[in-house]
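Q: sharing a model that was predicted from the sequence below.
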Amino acid sequence: MLKMPITLSEIAPRISAGAFILNSGLGKRGADEETAAGMHGFAAGTYPFLKSVPPQQFAQGLATTEIVLGAALLTPFVPTFAAGAALTAFSGGLLGLYLKTPGMRKPGSLAPTEQGLAVAKDSWLVGIGIGLMTRGLIERRPRVTVKKATKLAGKQAKQAAKDARREVKAAARS
């Protein structure tokens with residue numbers, strides 16, 4: 001039987017995050033110059049190394065990244081840890097935009113302003129990413145199926161019965 005690299009408990013978070021991000025990426029594919037310049041300016045204001053990237057190239061790169069990440073989350077054969085690590089890295093960048101961009105938060109608080117609400121809501125993606133990474137680490141340990149556990153318990157019970165018979169015989173001799 002083919003064993004899937006994900007469990008049932010991972011399906012809902014992977015679908016919700018994956019569909020959201022994939023849709024976002026598909027929507028950015030055909031970004032016009034003005035939209036690309038706006039996205040680029042917002043990101044470059046927080047991450048200065050992006051200033052050297054042309055706005056249209058930035059928009060296309062972001063769209064491609066979102067499409068690939070969304071598809072990876074929706075693909076059950078992508079290991080949970082890998083999908084979670086990619087989601088955590090991507091959403092960490094979004095969270096950085098929220099935390100570092102002036103006007104996103106109320107002064108002296110983590111609470112969002114009206115302008116920051118659209119970015120602050122993406123913090124749920126960080127939680128899903130960390131949860132998937134944690135689940136992926138847990139799942140790396142070999143799972144014991146019910147069949148294997150039953151077989152192991154049966155072997156242990158037989159061994160215990162043998163040990164008990166030996167002890168009874170030894171006690172009867174003394």
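A: Received, thanks. Model, not experiment: these values are computed from the prediction.
Q: can you name the residues that contact the nearest residue to Ala63 once chain neighbours are set aside?
A: Sequence neighbours aside, Lys28 is the residue nearest to Ala63 in space, at 3.8 Å (criterion: C-beta to C-beta, 6 or more residues apart in numbering). Just so you know, the C-beta spots here come from the backbone N, C-alpha and C atoms, and that holds for glycine as well. By C-beta atoms under 8 Å, 6 or more residues apart in numbering, the residues touching Lys28 are 35, 39, 59, 62-63, 66.
Q: which one (most neighbours) among those?
A: Most neighbours among those, by other C-beta atoms under 10 Å: Ala59, with 24 neighbours.
Q: pretty sure it contacts His40?
A: Yes: taking contacts as C-beta atoms under 8 Å, Ala59 lies within contact range of His40: 6.7 Å.
Q: using CSV, write out every CA atom in stretch 54-61.
A: Provided in CSV are the C-alpha atoms of stretch 54-61 (Å, rounded to 0.1, in the frame of the first residue of the first chain):
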residue,chain,number,x,y,z
PRO,A,54,12.9,46.1,-11.5
PRO,A,55,9.2,46.4,-10.4
GLN,A,56,7.8,44.1,-13.2
GLN,A,57,10.5,41.5,-12.5
PHE,A,58,9.6,41.7,-8.8
ALA,A,59,5.9,41.2,-9.5
GLN,A,60,6.5,38.2,-11.7
GLY,A,61,8.9,36.7,-9.2
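Q: got a list of contacts for that stretch?
A: By C-beta under 8 Å, 6+ apart, stretch 54-61 touches 28-29, 31, 33, 35-37, 39-41, 43-44, 50, 53.
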